[in-house]
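In: after the sequence you'll find the predicted model.
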Amino acid sequence: MTLAARRGPAVAGSTCTCSTMMAQFLLEVVRRRGGQPDALVAAAGLSASTLGDVDARIPLSSLIALWELAAQQIGD
């Protein structure tokens, strides 16, 4: 079961978001572990320009996808 499937149903009509800083942290870890952060960003449907904006927010579902892809890519 994927992490996204375990989080349960979303509240109708709401979209949970999080700071791009959370994604930037994860991508730095991936970079340090020898992964390819740019490939993860594209696979998660995010853009480098959005993630470069420290005041921007992204859908929580995109961050969860990024975590799952990172775990697959770096084997952790």
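Out: Now that the structure is in, tell me what you want to look at. Numbers count the residues shown, from 1 in each chain.
In: the longest helix along the chain packs against which elements?
Out: Across the chain, the longest stretch assigned as helix under DSSP state H is helix 60-74. Packing partners of helix 60-74 (3 or more Cβ pairs under 8 Å, 6 or more residues apart in numbering; DSSP states H and E): helix 3-6, strand 17-19, helix 20-32, helix 37-43. Backbone N, C-alpha and C define where each C-beta goes, glycine included.
In: can you give me the buried ones in it?
Out: Neighbour-count burial for helix 60-74, counted by 16 or more other Cβ atoms under 10 Å, picks out 60-70, 73-74.
In: tell me the contacts of Arg33?
Out: Applying Cβ atoms under 8 Å, 6 or more residues apart in numbering to Arg33 gives the contacts 74, 76.
In: only C-alpha atoms, please: export the longest helix of the chain in PDB.
Out: The C-alpha trace of helix 60-74 is given here as PDB (Å, rounded to 0.1, in the frame of the first residue of the first chain):
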ATOM      1  CA  LEU A  60       0.400  18.000  -0.100                       C
ATOM      2  CA  SER A  61      -0.300  15.200  -2.500                       C
ATOM      3  CA  SER A  62       2.700  16.400  -4.700                       C
ATOM      4  CA  LEU A  63       5.000  16.400  -1.700                       C
ATOM      5  CA  ILE A  64       3.900  12.800  -0.800                       C
ATOM      6  CA  ALA A  65       4.500  11.700  -4.400                       C
ATOM      7  CA  LEU A  66       7.900  13.400  -4.200                       C
ATOM      8  CA  TRP A  67       8.800  11.400  -1.000                       C
ATOM      9  CA  GLU A  68       7.700   8.100  -2.600                       C
ATOM     10  CA  LEU A  69       9.700   8.800  -5.700                       C
ATOM     11  CA  ALA A  70      12.700   9.800  -3.700                       C
ATOM     12  CA  ALA A  71      12.600   6.600  -1.600                       C
ATOM     13  CA  GLN A  72      12.500   4.600  -4.800                       C
ATOM     14  CA  GLN A  73      15.300   6.500  -6.500                       C
ATOM     15  CA  ILE A  74      17.800   6.400  -3.600                       C
END
